[in-house]
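K.L.:
Here is my input, please return the structure:
(2 chains)
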Amino acid sequence: AQRVTQPEKLLSVFKGAPVELKCNYSYSGSPELFWYVQYSRQRLQLLLRHISRESIKGFTADLNKGETSFHLKKPFAQEEDSAMYYCALRAGGTSYGKLTFGQGTILTVHP
Amino acid sequence: NAGVTQTPKFQVLKTGQSMTLQCAQDMNHNSMYWYRQDPGMGLRLIYYSASEGTTDKGEVPNGYNVSRLNKREFSLRLESAAPSQTSVYFCASTPLGAAGLDTQYFGPGTRLTVL
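P.N.:
Got it, this is the predicted structure:
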């Protein structure tokens, strides 16, 4: 069975500071990794996926299979980045799109 | 498009009462999911439906039943509510189960309290 761990329940930074939200996973196969975000009073939505290797809202995340990690990074945090962030894993094969989520990290960016 | 809609938004039940949470999507998605969100636990999958006419258990199915009424609708039923089922419930849908087409679109959530 797969598992996703986000070790930080809360993370606080100041505006302009770099931010890194940690995500580690355990899965014996070849996973797909995602970051989902929930802003205040908004729906949970996809932020980025490792397959796309894209930067969304200044965030990037690299899949490190050796360390089984998929940390989310942004060089200069903005106040509007304050939100709940979930790391999620999709197993291969006939998983029918099922996701395993981490516990979530609440990011607060102070002015 | 409304996307994924859920009713009700809030509900308070007494222990032992039953209720059904409704979910509908207008995006012609094949797969639908029910999650519960609890502090410190993240989102946990209760049940999912890979396609119309099929349902299967997720990580925490005990105490719940589901019905995939048609391609649009996927309901979650609590037959005899317990305080441990106090949670925020999210419905989600995705176009297909295949890679690259599996972005999950979430509903606004239902906040359920069981006294």
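
K.L.:
Residue B:103: what secondary structure?
P.N.:
Under DSSP: H, G, I helix; E, B strand; the rest coil, residue B:103 falls in the coil class.

K.L.:
Roughly how far does it sit from residue B:38?
P.N.:
Residue B:103 sits 24 Å away from residue B:38, going by C-beta to C-beta, to the nearest Å. (Glycine included, C-beta is placed from N, CA and C.)

K.L.:
Also residue A:88?
P.N.:
Remark: distance between residue A:88 and residue B:38 (C-beta to C-beta) = 16 Å.

K.L.:
For these two, work out which one has more neighbours and name it.
P.N.:
residue A:88 (24 against 14; other C-beta atoms under 10 Å in any protein chain shown).

K.L.:
Up against chain B, what does chain A have?
P.N.:
Taking C-beta under 8 Å from any C-beta of the partner chain as the criterion, chain A approaches chain B at residues A:4, A:6, A:9, A:32, A:36, A:43-46, A:49, A:51, A:86, A:90, A:94-104.

K.L.:
Just the endpoints, please. Distance across stretch B:44-64?
P.N.:
Counting by C-alpha to C-alpha, to the nearest Å, you get 13 Å between the two ends of stretch B:44-64.

K.L.:
and that stretch, what's its mean pLDDT?
P.N.:
Mean per-residue pLDDT for stretch B:44-64: 93.

K.L.:
May I see the buried residues of that stretch?
P.N.:
With burial defined by 16 or more other C-beta atoms under 10 Å in any protein chain shown, the residues of stretch B:44-64 counted as buried are B:44-50, B:55, B:58, B:60-61, B:64.

K.L.:
Next: stretch A:97-111.
P.N.:
In stretch A:97-111, counting by 16+ other C-beta under 10 Å, buried: A:97-105, A:107, A:109.

K.L.:
Distance check, the spatially most central residue of chain B against residue B:45.
P.N.:
By C-alpha atoms, centre = their mean, chain B has its centre lying nearest to residue B:34, at 2.6 Å. Noted for residue B:34: a distance of 7 Å to residue B:45, by C-beta to C-beta.
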